[in-house]
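# Provided below for reference: sequence and predicted model.
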2 protein chains.
Amino acid sequence: MPAYNAFYGQSGGVTPVINASAAGVIQTARQYPAQINKVYVGENGILGALTENLIDSSLETDSDIEALKHTPSGAFGSCRYKLKSLEEHKPEYERLIEVFKAHDIRYFFYNGGGDSQDTAHKVSQLSETMNYPITCIGVPKTIDNDLPFTDCSPGFASVAKYVAVSILEASLDVASMSATSTKVFVMEVMGRHAGWIAAAAGLAASDNHDLGPDIILFPEIDFQQQAFLDKVNATIERKGHCCIVVSEGVKTPDGKFLSDSGIKDAFGHAQLGGVAPVVADLIKQADGHKCHWAVCDYLQRAARHIGAAVDVEHAYALGKAAVEFAVQGENAIMPTIVRTSDNPYRWEIGKAPLADVANVEEMMPSKYISNDGFFITPECKTYLQPLIEGEDYPPYKHGLPDYVILKKHKVEKRTPEFILS
Amino acid sequence: MPAYNAFYGQSGGVTPVINASAAGVIQTARQYPAQINKVYVGENGILGALTENLIDSSLETDSDIEALKHTPSGAFGSCRYKLKSLEEHKPEYERLIEVFKAHDIRYFFYNGGGDSQDTAHKVSQLSETMNYPITCIGVPKTIDNDLPFTDCSPGFASVAKYVAVSILEASLDVASMSATSTKVFVMEVMGRHAGWIAAAAGLAASDNHDLGPDIILFPEIDFQQQAFLDKVNATIERKGHCCIVVSEGVKTPDGKFLSDSGIKDAFGHAQLGGVAPVVADLIKQADGHKCHWAVCDYLQRAARHIGAAVDVEHAYALGKAAVEFAVQGENAIMPTIVRTSDNPYRWEIGKAPLADVANVEEMMPSKYISNDGFFITPECKTYLQPLIEGEDYPPYKHGLPDYVILKKHKVEKRTPEFILS
């Protein structure tokens, strides 16, 4: 069997550990020279394939590829771009085959969340639909932790750790100040549809709730304003202050995002985004408490400086497994994490068909949310706890993490220019 | 000479390392039993003295006091409370003396920023003004870095490191996404009057400005909207995206906070605070770029998980020096950090009179801000760089920093209740 080249792409919102998966793919592919020649990486994911902007990973040094394990973001560029169906957009599929043929690409590894696994699934069907032989394996990734079939999604655990550490620290701060100053702190985290990230903040709560968040607002639970304000006041009454973690996706009972609740600027423009200031303002207007608020935004999903060791291991192992599955002749699957024990945490690699993974969102199960809707259950803690164990610090240089910037040498183009529609 | 007790208090906004100063005071005092008996700590700073809520630090274990070195926030509670002048408020001074006498307190260590050093200064005058013999030493602390006479203020360097690390990481994230998504990222940091924290973000910028912030907005520089928007667009033109760090204290040329620029909620209430969303909205409205924004708020000043090693050393050394100065018979001074070399960074302990320190704010010198007003100069980098060197990680337990919660046993009250006016 002659060796063919492989395509690898990073897709969707980036994470602290997606580059560890890239390292897993690239380093493992180098161990199978009889099957895989070079790994060409798409600049900005599938866009790099469509526009023939391919980065030759074989021209990166071994140490730079190794450094991907501790570098956040998508080192090769990511994209938010979803392939339409073959019926709707045949020219894009023909273009992919044109580029794959021109560069002897017969392996396709796509690293992303639900939408990206849908793209991977469509590519995996090219053998059947367009008669082009390709082996396609998805590599899971999303901080939202909403991919099905896998114990967790790489990227989530590091964000979980960041969020739990941050609210733990902020809760100590508020406790110090509450006698004469701030009584309420609100921290906004990501998760437009699923509350996994917000839930992770609950790991910072001590058993007696002296530390960490007192209230968590999930997108899965309709926001009940008076019950919420009552809980804030009861918490302040009990301990002098209150810490709240709110998911960006929290909705009011009428189905609107709470962040959209009518805030306009001086010119009447729509609100600026951000649910934390809305929540803080509600509390201030209702009960006059002094509030502070933070919006983590990209900081949470780029925070490799506080990466979770388990997360880095998962991300690398899944990239590695993708290549191993491919050389074993598997196709149209995504490797997964299978949990075999909670404590001590043990896991192994499994697999799921891309057809079943694509476009499925795994929400928080109701058993993970407390009856009053404002916290996580002990069962949820049992699930989350092992994921944040262990610290995987990057090396530092001049006081800052020594993140790698790749050389990204382009593969010479061999096809005519293709204009994206 | 008989041994007297000492009072120690934490005051003002807390920091990642103010507890390291507490450890320096308490551990050092234990080395001078002939002069200092016990260290009583005010619960919530000077309020603890006025209300006779004193915590007996001698009842904390050695290991818990040691753990203060890696615990953020004010472990004994802080306060925002400034003593008025003796003329205005003599009863408070009489009350302080009543409590000091009742508990044999003849040493007063006060850990805070400019306002708190003013309080320390007033207490230091009690010997003269009220004929009560007290030795008073200030211990500097403020993330704002605006205390005079000291190379830097403990707390600042850790916040500087957090801010530089965060914008470095976020800039990698935005670079990954900018082809098809976010073009602009805005990160808001603290610093209502002085731009030191915002300036520190500049340490994350590579020489060619591929990484880190592209634009920094300082409170010292009037916000010039068109010049700013032009620079944003030129940056996007050059590299595809733009990262901005904005100090909460940025003002428009008419002297108003930019964060106050007319944003109202649906009910016509005043704005919710936060200059990052205002800046992001300006860019979006003017040029249509997709923006993301983050507000660090308390996360930045509680982030002991990424504490700067130099900062922890400074904070401890200054607490230690305060006690040593006191037992040497000094009074009414604040120990300072004196820089003797930039690279390698070398420093020693100096001192400054409280009378000169109180209420002075040290702004960014103009030589530290680039001519266009949007970045720091190489000279500023030379000043800032050594402060963020070195990582001082806290120990972890179950995936989270193992911060200490003290027992805080109260000293038995010996005086009648005092009602704060």
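That came through, no problem.
# hang on, A:Ile167 in a helix?
Yes: if the criterion is DSSP: H, G, I helix; E, B strand; the rest coil, then A:Ile167 is within a helix.
# what's the neighbour count on it?
A count of neighbours around A:Ile167, defined by other CB atoms under 10 Å in any protein chain shown, yields 34. Any C-beta I mention is one placed from the backbone N, CA and C, and that applies to glycine too.
# output the lowest mean pLDDT helix or strand found in chain A.
Least confident helix or strand of chain A, by mean pLDDT, DSSP states H and E, is helix A:126-130 with a mean of 87.
# what helices or strands is that one leaning on?
Packing contacts for helix A:126-130, counted by 3 or more CB pairs under 8 Å, 6 or more residues apart in numbering or on different chains; DSSP states H and E, involve helix A:90-102.
# quick one: the helices in the stretch 151-300 of chain A?
Taking DSSP state H, counting those that start in this stretch to define them, one finds helices in the stretch 151-300 of chain A at A:156-177, A:196-201, A:225-239, A:276-287, A:298-302.
# buried residues in stretch A:390-400?
By neighbour count on 16 or more other CB atoms under 10 Å in any protein chain shown, the buried set for stretch A:390-400 is A:Gly390, A:Glu391, A:Asp392, A:Pro394, A:Tyr396, A:Gly399, A:Leu400.
# which of the residues you listed sits closest to chain B?
For those, the minimum distance to chain B (CB to the nearest CB) is 3.7 Å, reached by A:Gly399.
# surely A:Asp402 is in contact with A:Tyr396?
Yes: with contact defined as CB atoms under 8 Å, A:Asp402 counts as touching A:Tyr396 (6.1 Å).
# residues contacting A:Pro219?
A:Pro219 is in contact with A:Gly191, A:Arg192, A:His193, A:Ala194, A:Gly195, A:Ala198, A:Ser247, A:Glu248, A:Gly249, A:Val250, A:Lys251, counting by CB atoms under 8 Å, 6 or more residues apart in numbering or on different chains.
# hmm, 6 Å instead?
Applying CB atoms under 6 Å, 6 or more residues apart in numbering or on different chains to A:Pro219 gives the contacts A:His193, A:Gly195, A:Ser247, A:Gly249, A:Val250.
# OK, contacts around the last one?
So the one you mean is A:Val250. Going by CB under 6 Å, 6+ apart, the list of residues near A:Val250 reads A:Leu217, A:Pro219, A:Phe223, A:Leu258, A:Val275.
# ok, now the second one?
Applying CB under 6 Å, 6+ apart, we find A:Gly195 in contact with A:Phe218, A:Pro219, A:Glu220, A:Ser247, A:Met364.
# farthest from the middle of chain A: give me that residue.
Most distant residue from the mean C-alpha position of chain A: A:Thr180, 38.8 Å away (CA atoms, centre = their mean).
# and it, its phi and psi?
With angles defined as degrees, to the nearest 10, A:Thr180 sits at phi -130, psi 0.
# separation between it and B:Leu50?
Per CB to CB, to the nearest Å, A:Thr180 is found 12 Å from B:Leu50.
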